[in-house]
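>>> Mind looking at a prediction? Sequence and model below.
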Amino acid sequence: MSHTQPGSAQHPPADSAPASGYAVRPIGEDEFPAFRDILGESLMFGETSESMNEVYLGLTEFDRTLAAFDGSRMVGTAVAHSFEMTLPGGPRRVAGVSAVSVWPTYRRRGILSAMMRRQLADIRERGEHVAALFASEGAIYGRFGYGRASQAVATTVDTRVAALRADIPRDPALRLRLTTPAEAAKELATVHRAAAPQRVGEFQRDETWWKAVLVDEPERRGGANAARCAIAEDDAGPLGYALYRTRSKWTDHGTPDCRVQVGEVVATAPAAHALLWEHVLTRDLVTTVATDMIAPDDPLFYLLADPSRAHRQSVDGLWVRLVDVGGALEERGYAAPVDVVLEVSDTHCPWNAGRWRLTADTEAARCTATDAEPDIRLDVSHLGSAHLGAQKLGAYRAAGLLTEETPGAVDRLDTALSRSDQPFCGVIF
């Protein structure tokens, strides 16, 4: 079924020269070094090692790259990854946008806009209804229709004052095995493959993504030891894992002040989650357990006897863009029936602009163009923000950023879009 409305913009030619005057096209593998140089300089990544360049090269789908050129000189970059990501309703094809950069002396010349418009058209042409990214600067991507759709939490726990609840789930059949990530690579993939469909925002990692996740160069450890891996398993196989590093430190008085830096804890059973967190929180000599990014509703916060002992700082997670409003809303799952007419504004995807009638229940959804009077007027970025079920349209209503024409329409739509869990993606792509 096509969701294109009359008068939609057509897909640009394969090698287009936008109004900015800069040609935008995919790159060849021989152009990858220049691509990486621009990305590193623009985003201040600095130099990367040969092994990391090999990792990035393996992740790159060259037919999904875009570069802007001033004559023969490359001055901008962007790429999309072909993901199977869990969305409300199940695994879906999603474009994972990454490596967006402009050479510092070419800023504010329309290059970014040209690449983003071209990329959105390419994503639509592939039949992907949703794009997602991690934003280095959120204000930039809001201009292109992306909305902040999830949050993550950086967490620090002082193990000297924190304790787990007495009633955490236990399974006497479970045991822990300490190993290295490289030795446990197949088990990690097995657990994550089973767990990802249960967490909105996670994507299935293939071998190249696991190589990126497990890279362990000494210069990237921040003074910590090599990565370790704890596997929670029973006789049937692995049910969870924890990836972490330890950093040795002693006070001036000779007492231990060591730190565990957790990369991720993933499990398919509550008892496995509990066992893994117990392991990292009770390591001998450790006074601090920290994470850079876990889900806002990670079991850790509920396993602690006093959740306030986990000091949390919210960070942005996924930003989501509905590239095809009708297709995205039809393939989504809903928590309650809803019948609403949306008037959507969309500067960069004119095929989305207009009125859409969404009729959905817990079994199916239909979203079609309509001439009916709207119940809600909003920007496509607001729909992207709400798409994963965590952010509420009611907050945009309170801020005066959308218009509710029919009283109660926003509340009904928020109820239909809601979920009982929080979206989260464990890998920044």
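Sure, I can see it.
>>> Am I right that A395 is in a helix?
Yes: in this structure, A395 lies within a helix as judged by DSSP: H, G, I helix; E, B strand; the rest coil.
>>> how many neighbours does it have?
A395 is flanked by 15 other residues according to other C-beta atoms under 10 Å. For every residue, glycine as well, the C-beta is placed using N, CA and C.
>>> any idea how far it lies from V102?
Distance check for A395 against V102: by C-beta to C-beta, to the nearest Å, it reads 31 Å.
>>> ditto for E50
26 Å.
>>> Between those two, which is the more surrounded one?
Neighbours per residue (other C-beta under 10 Å) separate E50 from V102, with V102 holding more: 22 against 6.
>>> quick one: contacts for the residue lying closest to L383 once chain neighbours are set aside?
In space, L383 comes closest to L322 once its chain neighbours are excluded; the distance is 5.3 Å by C-beta to C-beta, 6 or more residues apart in numbering. Going by C-beta atoms under 8 Å, 6 or more residues apart in numbering, L322 touches 129-130, 145, 328-329, 352, 380, 383-384, 387.
>>> Need the three-state assignment for the spatially most distant residue from the centre of the chain.
When distances are taken from the C-alpha mean of the chain, H253 lies farthest, 43.1 Å away, according to C-alpha atoms, centre = their mean. Here H253 is coil, with the state taken from three-state DSSP.
>>> Which helix or strand in the protein has the lowest average pLDDT?
Lowest on mean pLDDT, DSSP states H and E among the helices and strands of the chain sits helix 50-59, with a mean of 89.
>>> Buried ones in it, by neighbour count?
Of the residues in helix 50-59, those buried under the neighbour-count criterion (16 or more other C-beta atoms under 10 Å) are 52, 55-56, 59.
>>> I'd like the distance from that helix to the chain centre, please.
Centroid separation for helix 50-59 versus its chain: 21 Å, with C-alpha atoms, centre = their mean, to the nearest Å.
>>> Can you name the next helix or strand after it?
strand 65-70 (DSSP states H and E).
>>> which of the residues in the helix or strand that that following strand is followed by are buried?
Tracing the chain C-terminally past strand 65-70 and defining elements by DSSP H and E, one meets strand 73-87 next. Residues of strand 73-87 classed as buried: 74-81, 83-87 (neighbour count, 16+ other C-beta under 10 Å).
>>> Report the angle between strand 73-87 and strand 65-70.
Orientation of strand 73-87 against strand 65-70 (axes from the mean of the first three to the mean of the last three C-alpha atoms, to 10 degrees) gives an angle of 160 degrees.
>>> would you put the C-alpha positions of strand 73-87 in CSV?
The C-alpha trace of strand 73-87 is given here as CSV (Å, rounded to 0.1, in the frame of the first residue of the first chain):
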residue,chain,number,x,y,z
ARG,A,73,37.0,17.8,-2.6
MET,A,74,34.8,15.9,-0.1
VAL,A,75,33.3,18.3,2.4
GLY,A,76,30.4,16.4,4.1
THR,A,77,29.5,12.9,5.1
ALA,A,78,26.5,10.8,6.2
VAL,A,79,25.6,7.2,6.3
ALA,A,80,22.7,4.9,7.1
HIS,A,81,22.8,1.4,8.6
SER,A,82,20.2,-1.2,7.7
PHE,A,83,18.8,-2.3,11.0
GLU,A,84,16.2,-4.7,12.2
MET,A,85,15.1,-2.7,15.3
THR,A,86,12.5,-3.5,17.8
LEU,A,87,9.6,-1.0,17.6
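>>> what's the burial count for S381?
Using other C-beta under 10 Å as the criterion, the residues surrounding S381 number 26.
>>> Quick one: distance of stretch 382-401 to the chain centre.
For stretch 382-401, the distance from its own C-alpha centre to the chain's C-alpha centre is 18 Å (C-alpha atoms, centre = their mean).
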